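Q: okay, sequence plus prediction incoming.
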Amino acid sequence: MQTEILNNWLNFRKMISFSFVKYMYIGVTVIINIACLIIAILMMFAPGLFSSDGYNFFRTIGHLILLVIVTLIINLIWRLICEKAILMFSIHEMLSKLTEGGEHV
């Protein structure tokens with residue numbers, strides 16, 4: 001039993017990346033959202049960092065709306081990247097199951 005597990009591990013028939021991608025998705029999503037929240041707080045309380053002419057309420061609101069849109073787009077792109085990775089690992093796992101009964105290439 002143990003040699004079979006080791007054999008599957010060494011021949012890349014068993015992938016650990018499937019669960020790794022899930023945890024990485026959660027971690028990076030949290031980091032993205034925290035970074036955007038920090039940028040939003042800086043926009044509200046230190047507007048001089050983002051414009052040279054001082055505080056302008058409408059410009060700050062526009063920046064915040066743009067930040068929300070950009071945050072949503074970044075999260076969507078990150079989700080698509082992770083889904084593609086999980087899909088590739090799922091295909092590999094299904095192909096490995098198909099070859100278990102026959103010869104291994």
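A: Done, it's in. Numbers count the residues shown, from 1 in each chain.

Q: give me the distance between I86 and I69.
A: I86 sits 26 Å away from I69, going by C-beta to C-beta, to the nearest Å. Any C-beta I mention is one placed from the backbone N, CA and C, and that applies to glycine too.

Q: with neighbour numbers in mind, choose between those two.
A: Regarding I86 and I69, a neighbour count based on other C-beta atoms under 10 Å identifies I86 as having more, with 16 against 10.

Q: you'd agree the more buried one is up against K22?
A: Yes: using C-beta atoms under 8 Å, I86 is in contact with K22, at 7.4 Å.

Q: the longest helix in this structure is where?
A: helix 57-100 (DSSP state H).

Q: helices or strands next to that helix in the packing?
A: helix 17-45 (3 or more C-beta pairs under 8 Å, 6 or more residues apart in numbering; DSSP states H and E).

Q: the helix it packs on to helix 57-100, inter-axis angle?
A: Interaxial angle, helix 17-45 versus helix 57-100 (axes from the mean of the first three to the mean of the last three C-alpha atoms, to 10 degrees): 180 degrees.

Q: packing partners of helix 17-45?
A: Of the remaining helices and strands, those touching helix 17-45 by 3+ C-beta pairs under 8 Å, 6+ apart are helix 57-100.

Q: mean confidence for the helix it packs on?
A: On average, the pLDDT along helix 57-100 is 86.
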